[in-house]
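Undergrad: One predicted model, sequence on top.
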Amino acid sequence: MNNQTSLLSRRTFLQGTGIALSLPWLETFAAGSPGKDETPKRFVSVYHPDGVGLPLKSDPAWGEWSWFPRGGEKDFQLTKVLDVLEPLRSDITIYSGLSHPEARTVHGHSNADQYLTGAPIGGEGSYQNTISLDQVYAAHAGDFTRHSSLVMSTNGGVGGPRGAQTQSYNREGRPIPAMNKPKEIFDMLFVTSGKDAAARLARSKSALDLLIENTRSLNRQLSSRDQETLKQYLDAVRDTELKLVKAQRWIDTPIPQVDTKNLHLDAEPKEAKLYFQTMYELIYLAFLSDSTRVATFQLGRENGEGPHDLLSQAVGLGGAHGLTHDVKKPGGWKNLGTYNRYQAEEFGRFAQRLKDTPEPTGNGNMLDNTLAMHGSASSSFHLSRNYPIISAGGKNLGFTNGRYLKFGKGNEDNQAGAGIDTDAGWQSKQEVEELPLAKLFVTILQRLSVETDSFGGYTGSLTRV
Amino acid sequence: MKTLKLTMLLVLGIAWTILDADGQETPTTFEAAKEQGRSKSRFLKETKEFAKAADAVPKANVAFFHESVGPILKKSCLACHGPEKSEGRLRIDQLNPDLLSGPDVERWREVFNALSKSEMPPEGETDFALADADRGRIVDWLGEELNASSLTRRNSKQHSSFRRLTNYEYNYALQDLLGLPYALADKLPPETASEDGFKNSSELLQMSVMQFETYREIGLKALKRATVTGERPQAVTYIISMPEEMAKAESKKEDKPADESKKPKRKPRNQQQLFNRETDESIPFPGGKTLPRTDAVAGQTPAVSPVVLVLPRSNELKLDLDRFLPDEGIMRVRIRAGRSTMNPDEYASLRLIFSAHTSNNANFSQVISERDIPVTATADDPQWIHFDIPLSDIQRNPFRKLTTTFPRRDEFLHIHNVSNAPGGEEPLQVLIDYIEISAPFYEQWPPKTHMEIFFESANKSDEQVYGREVLNRFLKRVWRRPVTSQEVDQFMALFAKYRPGFSTFDEAMVEVLATALASPEFLYLTQRATTEEAKSPARISELELASRLSMFLWSSIPDDELLKLAEQGKLRDPEVLAAQVKRLLADSRSRRFSQIFVEQWLGLERMNSVTHIAANDPLRDAMLEEPVAFFEEVLKHNHSVIDFLHSDYAVVNERLAAHYRLPKVYGPHFRSVPITPQTNRGGLLTSAAIMTMNSDGKDSHPLKRGVWMLKRILDDPPPPPPPNVPEVDLTDPEILKMTLKERIANHRNKAACISCHSRIDPWGIAFENYDALGAYRTHIKNQPVDATSELFNRQTLAGIDGLKRYLLTDRQDQFARAMVHKLTAYSLGRPLTFGDRADIDNLTAQFRRRNDGLGDLIQLIVSSNLFNSK
């Protein structure tokens, strides 16, 4: 096949069905990617609902309680909301001007579903999501670890359409249930025996043996040209066998012993601090033991009610969702900012813990080999634009930190949509230019060694990152 | 009679002579054009067989290189790309000018790209500047040669019909095998289409680990759906009986002080309500919460009640089913309904929608019925309508099992009246007196799908004997051939390994059968090198013929009758084969053939990426249905395929007829209606879907339409554009001022672009009277539409009429051959090659002699050498 036709057919191939189509692709590339002995590349995404505080400049609260930093790329100053991250300044990057284009005119409450997928899920009617960023990477790196990914949220399960309680979606766009009980997560990671799995594996093995025998006898009756075609099938069966051998190896490999002193496995969301720290610690231990290289964590669901709303009790405040509605009341911006500050503090604690732990392969510290994202699909009240995103780590993956990266045009001081507390906000016209968040996802995937140049139908990466 | 015919011929003959003498003019009517075109057919003139022509293989045009291209290259390029300097490691003097068999195609492609984008020679190198005419000469020559080269390389390769099933074939095969009418194969990774547009093309059907693992997963899941274990599960049943609802509402009202004045005693107004047809009493009824009845048994037939729910057009009854529907199994919704009026031009039909609203802004609603079911009975003698919905396949409320009440757990069923009824004095409404919702619903226990696999047998108690019986029957259907006892042995050995891990025979056997569903002989269409027919080793066996035939016309595995005939060696008997083709086409499964072939032949998938019409717009559905319905009409009546170019009928439903401004077409079903040339319709070329998908989102797109014509209709695809062609700069005020046609001309007149564009654009410009949704227009922005263009052979195409007349008079053979080519490639599941050309020519000649009937073509293909060979 010549160059141009291969380019063309690939292009049409990708146009046809978006991301789902690039998967057989990833599958082929996974074969050549770094194996078990090299330093793991890790990805974790933490999602918080309800956005952040974004007062108008004219508001006295602007000085201290507006989420985004002030100043330029390197000389930025953190406001009181994020100043807890000051010690990690050289390990973090803060982004503005990014959002998923399809969500910009949909009510913020509906949008946790699409934060990692970018799918055009809309605000009502029939519902279809697409694969999430973490799962694209899990398809690539999942074979190297016991668990392909760790999916957690405070509320657990999948939630409802446009009311997600998980950040992860498989390649058919179906939600992957999130785990929310520390004890269950710990057992899955560090206790579970593989008895059922072993029986299943043994059955699969016998079935594959039969199929190989079957294929051989068919093969003998085919022309040599058709044998070439059938070889693909035989290879697929054999590769599946190899995967079984690998899976068997996990069953035979002793479960890693970990230090449990920071775990409070019975903690519930209402004991916010203990719960938060235990969940983060579980991700840390899963990474440290290389049980998985991919994790997502959703701090509750959009639109309040349920366990996540209690997380704000950690800083002595009432329901978290209510904080976004009450910004115009006395002390409102401060309250929301205080809660956002607390979220940043816990994220910072987690990043610091990774930073303080040398990479087991000796290649820097664990944070250097991990990209940790923290963000929301709303900025201001119910407004799915200008997502507030922080990333930490990833130095060895090629991320240059210590920067505040502004993308888009016309909203350099983050005032578009600021100060709103009604639905007029998300229904308003888009007057500033933002870039598709999918472009950041492409950059992240590329740095994680996934060979792709598009995500969710958006092609190209963010070069400045 | 004879005289009349003769006179007719004479008249036509005279007409032709006059027109021919006139040169550019074409016949007056489309009919005359068809006749004239037919008389020109070389296939009809040729009496002998088409030989395997050696000259069918293109040859490199090296002569033109030596005469013209070489000297120009020498003049303008050699200084930097020659013996002195070889920039970019390119020695222009050392490239082999034979692109068809030479080794330098890739280097030539780079040269082509650089020259066509005017990157070379560099600006400022005035000594070596390339005159436009010279650049055009090189680019034209290279374009032709590159195209011929890729064609040659593609078509000289041998292709086999040995291939795996496509996703949709696999899906239908599983459905037919297990008797499960659901989408089973959605999880498989998507597939790409071949150059011809077909997804069943052998060279593209790859196998990967992911694919294989998905087959295993799907197969096991489907088998588990088809079979059952244990006792019949208790069904959850809801009953909404309108007289009961009326009584409930009455009693609620009686609690309040009576207000006689408010009791309406008149004909029901056109609003949703409960209505007593005897007393004219009515009460508004929006639906509401309903709970399962523990004592209820589904399938009841209570006496018809005068108390009915009145459901006007576009209204819906929204039932809150709370959280009691089971996770899986069939939900059967039975509705007894009639019509309030019987005007045949008005229709009303029922649709089911399922929804939940779990918290603010977290909601969904989804149409769950596969198609709307028309209500045709009178209110006095109502009909039963039933829907079967697989509960595990639809979006459910994930919170339904919460022990707390938030997020909300309820699930809603909406019964919606889809209708064209106008309002007025006697509006058409759907009148419903009884609704029953039951899940899981089983016609029988164990269900038929289970009994098909685990059938009754005297040996049922002996697992060894019965196991072999089950396997024998199952494997035969899966592999489409009789199985040997050694083969059954292998599977029994697997069963022996599995059996201890399961508590029942059935469960262990299901796992074994799942393995058969991942076996190569199920997933691939085989053609054995060694067959029983030693005389003609190139032939496929009759069993393989049976599979090829059912894949062609049903996109699925053969049924018992087909297999039996093949096993008995009778299938190849010409009469038997012809009768089987007829039988397969008459079966409802042949609808898949029309749907899939038309979709892929015309490239209708492109409608999926169209954004200027909403995905749920009924017009969009109608657009997509039209070409398939048209094809079915032509197939059913064995009409000439020339009707695809132009016909004096249109196949439309009410929505599409309104779009085409065809009067008096009522109802959602498609039917053939006669049309006049003044409607500017007829044939497939101007169908709304084709026009819409070949638009740019705002307006028509002549280039896309032209490429589509060449590729899909005339089987003469233009070469792909060079990479990074600059977009037309719409910020340039000079360009903005131009009309579309002028813009195209402006682009085309660049030396590097002209050769391709002059072959494409005129075809597309002829469609300018059709807007971005395919509606006919005479003006664009107050300017009259200019749809006249000139083909590269100086043929003038005056709008769509001119285009059609030209195709009918001068391109019939090309189109007929394209049709034969496309259908044959599809039927074989492989690309055609140079080696197939003579066969295709001969098929085309036979086909044209039989007056181009589509049904005849299918018979011809099935009985052809190609279809019966490996």
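TA: Cool, the structure landed.

Undergrad: Is stretch B:466-478 in proximity to chain A?
TA: No - using C-beta under 8 Å from any C-beta of the partner chain, stretch B:466-478 never reaches chain A; the gap is at least 10.5 Å. (Glycine included, C-beta is placed from N, CA and C.)

Undergrad: who's in contact with that stretch?
TA: B:177, B:453-455, B:457, B:459-460, B:482-483, B:485, B:487-488, B:491-492, B:495, B:505, B:509, B:512-513, B:516-517, B:519, B:521-522, B:557, B:563 (C-beta atoms under 8 Å, 6 or more residues apart in numbering or on different chains).

Undergrad: Of all the helix elements in chain A, which one is longest?
TA: helix A:224-252 (DSSP state H).

Undergrad: The helix or strand where residue A:184 lies: which residues count as buried?
TA: Assigned by DSSP states H and E, residue A:184 belongs to helix A:182-190. Going by neighbour count (16 or more other C-beta atoms under 10 Å in any protein chain shown), the buried part of helix A:182-190 is A:182, A:185, A:186, A:188, A:189, A:190.

Undergrad: and the closest residue to chain B within chain A, bridged to which residues?
TA: Using C-beta to the nearest C-beta, residue A:163 is the residue of chain A that sits closest to chain B, at 2.7 Å. Beta bridges link residue A:163 to residue A:160, judged by DSSP bridges.

Undergrad: Let me see the contact set for it.
TA: Contacts of residue A:163 (C-beta under 8 Å, 6+ apart): A:109, A:110, A:112, A:113, A:301, A:302, A:303, B:358, B:359, B:361, B:362, B:407.

Undergrad: circling back: got the buried residues for the helix or strand following the helix holding residue A:184?
TA: Per DSSP H and E, the first helix or strand lying C-terminal to helix A:182-190 is helix A:195-219. Neighbour-count burial for helix A:195-219, counted by 16+ other C-beta under 10 Å, picks out A:201, A:203, A:204, A:206, A:207, A:208, A:209, A:210, A:211, A:214, A:215, A:218.

Undergrad: Chain B next: which of those are close?
TA: A:203, A:206, A:207, A:210, A:211, A:214, A:215, A:218.

Undergrad: pLDDT wise, what is the first one at?
TA: What that stands for is residue A:203. Note for residue A:203: predicted pLDDT of 92.

Undergrad: got the contact list for it?
TA: Residue A:203 neighbours (C-beta under 8 Å, 6+ apart): B:497, B:498, B:501, B:511.

Undergrad: tell me which element the first one is part of?
TA: Okay, so that is residue B:497. helix B:485-498.

Undergrad: which strands and helices sit next to that helix?
TA: If contacts are counted by 3 or more C-beta pairs under 8 Å, 6 or more residues apart in numbering or on different chains; DSSP states H and E, helix B:485-498 sits against helix A:195-219, helix B:463-479, helix B:505-516.

Undergrad: centre of the chain versus it, how much separation?
TA: The chain centroid and the centroid of helix B:485-498 are separated by 41 Å, computed with C-alpha atoms, centre = their mean, to the nearest Å.

Undergrad: same question, stretch A:39-57
TA: 10 Å.

Undergrad: Would you mark the buried spots in it?
TA: Quick answer for stretch A:39-57 (16+ other C-beta under 10 Å): A:39-55.

Undergrad: ditto for stretch A:432-445
TA: Buried residues in stretch A:432-445, defined by neighbour count with 16+ other C-beta under 10 Å: A:432, A:434-445.

Undergrad: ok, now stretch A:401-409?
TA: For stretch A:401-409, burial by neighbour count (16+ other C-beta under 10 Å) applies to A:401, A:403, A:404, A:405, A:406, A:407, A:408.

Undergrad: Now render those residues as CSV, adding distance to chain B.
TA: Output for the buried residues of stretch A:401-409, formatted as CSV (distance: C-beta to the nearest C-beta, whole Å):
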residue, distance to chain B
A:401, 35
A:403, 32
A:404, 31
A:405, 29
A:406, 26
A:407, 23
A:408, 21
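
Undergrad: picking that back up, among the buried residues of stretch A:432-445, which two are most distant?
TA: Largest separation among the buried residues of stretch A:432-445 by C-beta to C-beta: A:432 and A:445, giving 26.8 Å.

Undergrad: Among the buried residues of stretch A:432-445, which ones are in helices?
TA: Using DSSP H, A:437, A:438, A:439, A:440, A:441, A:442, A:443, A:444, A:445 are the members of these that sit in helices.

Undergrad: and the third one, what does it touch?
TA: Spelled out, that is residue A:439. Contacts of residue A:439 (C-beta under 8 Å, 6+ apart): A:98, A:455, A:458, A:460, A:461, A:462.

Undergrad: picking up where we left off before, for the helix or strand just after the longest helix of chain A, output the C-alpha coordinates as PDB.
TA: As assigned by DSSP H and E, the chain's next helix or strand after helix A:224-252 is helix A:272-288. What follows is helix A:272-288, C-alpha atoms only, in PDB (Å, rounded to 0.1, in the frame of the first residue of the first chain):
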ATOM      1  CA  ALA A 272     -14.700  14.100  55.300                       C
ATOM      2  CA  LYS A 273     -11.000  14.400  56.200                       C
ATOM      3  CA  LEU A 274     -10.400  10.800  57.100                       C
ATOM      4  CA  TYR A 275     -12.300   9.600  54.100                       C
ATOM      5  CA  PHE A 276     -10.600  12.000  51.600                       C
ATOM      6  CA  GLN A 277      -7.200  11.100  52.900                       C
ATOM      7  CA  THR A 278      -7.900   7.300  52.900                       C
ATOM      8  CA  MET A 279      -9.100   7.400  49.300                       C
ATOM      9  CA  TYR A 280      -6.000   9.300  48.200                       C
ATOM     10  CA  GLU A 281      -3.800   7.000  50.200                       C
ATOM     11  CA  LEU A 282      -5.400   4.000  48.400                       C
ATOM     12  CA  ILE A 283      -4.500   5.500  45.000                       C
ATOM     13  CA  TYR A 284      -1.000   6.100  46.400                       C
ATOM     14  CA  LEU A 285      -0.600   2.500  47.500                       C
ATOM     15  CA  ALA A 286      -2.000   1.100  44.300                       C
ATOM     16  CA  PHE A 287       0.600   3.200  42.400                       C
ATOM     17  CA  LEU A 288       3.400   2.300  44.700                       C
END
